[in-house]
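> No sequence on hand, only this structure:
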């Protein structure tokens with residue numbers, strides 16, 4: 001890497017940690033879900049900033065028995081026992097850099113995750129250190145051509161981060177910022193602007209690999225918000241249309257989204273069971289009827305019994321405090337007696353803390 005490239009990066013990197021989120025929608029990909037699909041290499045033009053270097057392509061890793069076949073070149077899963085940044089201790093590297101048998105860089109969502117894993121340490125360590133780690137692992141793990149492609153792509157990714165900062169700095173109209181329709185329009189515009197920026201800065205296949213799933217979920221989220229704001233649709237019609245949009249999601253995030261909805265429904269049912277229970281034992285019975293396993297139900301029952309016992313002790317504590325208030329003690333003496341009553345009625349530091357917090361809540365206006 002020449003000095004000009006390195007200075008370019010150092011100028012851009014301080015911005016990375018302050019790039020605001022301009023798409024206000026939930027974006028998630030669980031670690032156990034399959035990641036972006038690899039497609040064949042395509043020749044595309046390179047932005048002027050990197051025109052002297054070859055453009056990274058997306059090399060195909062042929063499937064075997066429905067699964068990704070092993071690739072001959074890949075960065076390690078861990079930085080070892082003494083990573084360059086303390087925050088990475090005990091973690092595996094998120095993502096990886098890979099190359100196929102032809103020495104071509106394989107670009108997918110794991111590539112972006114790999115970059116972010118190291119770039120997110122900037123601030124804790126210098127930009128130079130984070131960049132050196134990426135470059136060292138690329139050169140140690142990949143063929144020369146693939147390592148060079150990875151660093152070219154990293155330069156593009158940093159330029160994209162810089163450009164996205166300008167988009168994120170667009171402000172809201174203070175007079176309309178609490179209007180749901182205005183908020184939705186601004187979110188739509190932000191997503192459209194971000195898509196346009198990404199298409200301008202990345203080859204089509206790289207754009208899809210890095211941002212395809214995220215943008216698909218953003219489109220789904222915006223469509224759902226728009227449907228919920230409609231006044232000409234019944235609740236059933238809204239639910240039907242949202243479900244239709246959900247079915248258009250790529251399988252990997254549709255599966256995750258469906259699971260989260262199911263878990264949310266389960267949680268609401270359990271909360272309802274607890275609120276309607278007459279006693280801790282009744283709560284345990286209701287939870288078991290909902291399919292909660294016995295061990296978890298026992299933990300909930302034990303906690304509710306503990307809180308029930310605390311409530312009883314707190315009532316006694318409050319009665320004792322009322323007597324103190326009527327005793328005419330000086331403020332200092334009263335504080336001493338209050339601490340004595342705390343220890344008398346609550347035998348653990350945890351329950352004494354609960355009592356102090358509840359007392360503060362009761363004093364709030």
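Cool, the structure landed. As the structure is a prediction and not an experimental result, all values here were calculated from the model.

> Residue 172 sits in which helix or strand?
Following DSSP states H and E, one finds residue 172 outside all helices and strands.

> Could I get the contacting residues of it?
The contact partners of residue 172, by Cβ atoms under 8 Å, 6 or more residues apart in numbering, come to 182, 186. Where you see a C-beta, it was placed from the backbone N, CA and C, and this is true even at glycine.

> same deal with residue 215?
So residue 215 contacts 191, 195 (Cβ under 8 Å, 6+ apart).

> repeat that with 7 Å
Going by Cβ atoms under 7 Å, 6 or more residues apart in numbering, residue 215 touches residue 195.

> so it sits in a helix?
Yes. Assigned with DSSP: H, G, I helix; E, B strand; the rest coil, residue 215 falls within a helix.

> Could you report the pLDDT at it?
On pLDDT, residue 215 comes in at 93.

> The one 3 residues further on too?
At residue 218, the pLDDT value in this model is 91.

> Tell me how far it lies from residue 236.
With distances taken as Cβ to Cβ, to the nearest Å, residue 218 is found 26 Å from residue 236.

> Pick out whichever of those two has more residues nearby.
residue 218 (22 against 8; other Cβ atoms under 10 Å).

> What strand or helix carries the more buried one?
Per DSSP H and E: helix 204-229 holds residue 218.

> Report the inter-axis angle for the following helix or strand past that helix versus helix 204-229.
The helix or strand immediately downstream of helix 204-229 is helix 235-247, counting by DSSP H and E. Here helix 235-247 points in a direction 170 degrees away from that of helix 204-229 (axes from the mean of the first three to the mean of the last three Cα atoms, to 10 degrees).

> Return the list of helices and strands in contact with the helix or strand following helix 235-247.
Of the helices and strands lying after helix 235-247 in sequence (DSSP H and E), the nearest is helix 251-276. The elements that helix 251-276 packs onto, with contact taken as 3 or more Cβ pairs under 7 Å, 6 or more residues apart in numbering; DSSP states H and E, are helix 204-229, helix 235-247, helix 280-289.

> average pLDDT for the strand or helix carrying residue 297?
Secondary-structure assignment from DSSP H and E places residue 297 in helix 294-325. The average pLDDT within helix 294-325 is 86.

> which parts of it are buried?
Neighbour-count burial for helix 294-325, counted by 16 or more other Cβ atoms under 10 Å, picks out 297, 300, 301, 304, 310, 313, 314, 317, 320, 321, 324.

> And for residue 152, the neighbour number?
For residue 152, the neighbour count with other Cβ under 10 Å is 19.

> roughly how far out does the strand or helix carrying it sit from the chain middle?
Residue 152 is part of helix 144-168 when elements are defined by DSSP H and E. In terms of Cα atoms, centre = their mean, to the nearest Å, the centre of helix 144-168 is found 22 Å from the chain centre.

> go on, stretch 189-206?
21 Å.

> ditto for stretch 311-324
44 Å.

> Contacts for that stretch, please.
Stretch 311-324 has contacts (Cβ under 7 Å, 6+ apart) with 334, 337, 338, 341, 345, 346, 355, 358.

> right, so the helices and strands packed on helix 251-276: which one is the most enclosed?
A comparison of the helices and strands packed on helix 251-276 by mean neighbour count, using mean count of other Cβ atoms under 10 Å, puts helix 204-229 on top with a mean of 19.

> Specify the angle between that helix and helix 251-276 in degrees.
30 degrees.

> Make TSV out of the buried residues of helix 294-325 and add distance to residue 74.
Listed next are the buried residues of helix 294-325 as TSV, based on distance: Cβ to Cβ, whole Å:
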residue	distance to residue 74
297	44
300	44
301	48
304	50
310	54
313	59
314	58
317	62
320	67
321	65
324	69
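
> Closest one of those to residue 89?
Among those, residue 300 lies closest to residue 89 (Cβ to Cβ), at 34.1 Å.

> how about a markdown table for the helices and strands packed on helix 251-276, with distance to residue 255 added?
Output for the helices and strands packed on helix 251-276, formatted as a markdown table (distance: least, Cβ to Cβ, whole Å):
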| stretch | distance to residue 255 |
| --- | --- |
| helix 204-229 | 12 |
| helix 235-247 | 11 |
| helix 280-289 | 27 |
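
> Can you check which of those helices gets nearest to residue 136?
The nearest among these, by Cβ to Cβ, is helix 204-229 at 22.6 Å.

> Distance from that closest one to the middle of the chain?
Relative to its chain's centre, helix 204-229 lies at 16 Å (Cα atoms, centre = their mean).

> now stretch 186-193
The chain centre lies 20 Å from the centre of stretch 186-193; the measure is Cα atoms, centre = their mean.

> One more: stretch 130-141?
26 Å.

> which residues touch it?
Applying Cβ under 7 Å, 6+ apart, the set of residues contacting stretch 130-141 is 1, 9, 73-76, 84, 97, 115, 118-119, 121-122, 147, 150-151, 154.
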